[in-house]
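K.L.:
could you work out the structure for the sequence below:
(one chain, ligands or ions: 1)
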Amino acid sequence: MSDYEQLLDKAFVLLPELSVEKADFKVPEPDVLIQGNKTIIKNISQIADTARRTKDEIAKYLTKELAAPITTDDQRLTILAKISTNTINEKIKRYFELYIICKECHKPDTHVQLVDRGYTTIVCEACGAKYTVKNS
Ligand SMILES: [Zn+2]
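P.N.:
Numbering: from 1, shown residues only. Modelled structure (predicted):
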């Protein structure tokens, strides 16, 4: 290998690949509508698709976090309480940080392997990392 080729090799290694990929993924912003004493997330299907989780899994998390009953239909998630848009945004962001985005490679390509005794085991399909999160 020539000196020049060795230099090229080095240059490739130094590319900050990870941070670029990390910046690509954005947590979807909930489309929140407050209607009387109800708070509706109008785009829960889109959020669930991005998270690759079911609406019910997200509903379960929000029920605990917000201490309010929740119903879902095809498109919408309805919280039977008045919750500020800011709080909803924070909870969704936290959900992604805790349960969706891989702690190792920061990609959202994870799935839940096991939920047991208050802990969720998450596996990353992109890098193979496996870790356990304590449920809130
Ligand atoms: Zn990963």
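
K.L.:
lowest average confidence, helix or strand, in this structure?
P.N.:
In the chain, no helix or strand scores lower on mean pLDDT, DSSP states H and E than helix 17-24, which sits at a mean of 54.

K.L.:
can you name the next helix or strand after that one?
P.N.:
strand 32-35 (DSSP states H and E).

K.L.:
any idea how far that next one is from the chain center?
P.N.:
Taking C-alpha atoms, centre = their mean, to the nearest Å, the mean C-alpha location of strand 32-35 is offset from the chain mean by 22 Å.

K.L.:
ditto for stretch 61-71
P.N.:
Relative to its parent chain, stretch 61-71 has a centroid offset of 17 Å by C-alpha atoms, centre = their mean.

K.L.:
any idea how far apart the tips of it sit?
P.N.:
Criterion C-alpha to C-alpha, to the nearest Å; first-to-last residue distance in stretch 61-71 is 12 Å.

K.L.:
now the spatially most central residue of the chain: how far from residue 40?
P.N.:
For the chain, residue 96 is the residue whose C-alpha lies nearest the centre (C-alpha atoms, centre = their mean; 2.2 Å). Note on residue 96: its distance to residue 40, by C-beta to C-beta, to the nearest Å, is 20 Å. Every C-beta, even on glycine, is put in place using the N, C-alpha and C of the backbone.

K.L.:
which other helices and strands contact the strand or helix carrying residue 95?
P.N.:
Assessed by DSSP H and E, residue 95 sits inside helix 85-95. Using 3 or more C-beta pairs under 8 Å, 6 or more residues apart in numbering; DSSP states H and E as the contact test, the elements touching helix 85-95 are strand 32-35, helix 55-66.

K.L.:
run the last query once more with 7 Å
P.N.:
Applying 3 or more C-beta pairs under 7 Å, 6 or more residues apart in numbering; DSSP states H and E, we find helix 85-95 packed against helix 55-66.

K.L.:
still on that earlier bit, so the helix holding residue 95 versus helix 55-66, what angle?
P.N.:
Comparing the axes of helix 85-95 and helix 55-66 via axes from the mean of the first three to the mean of the last three C-alpha atoms, to 10 degrees yields an angle of 120 degrees.
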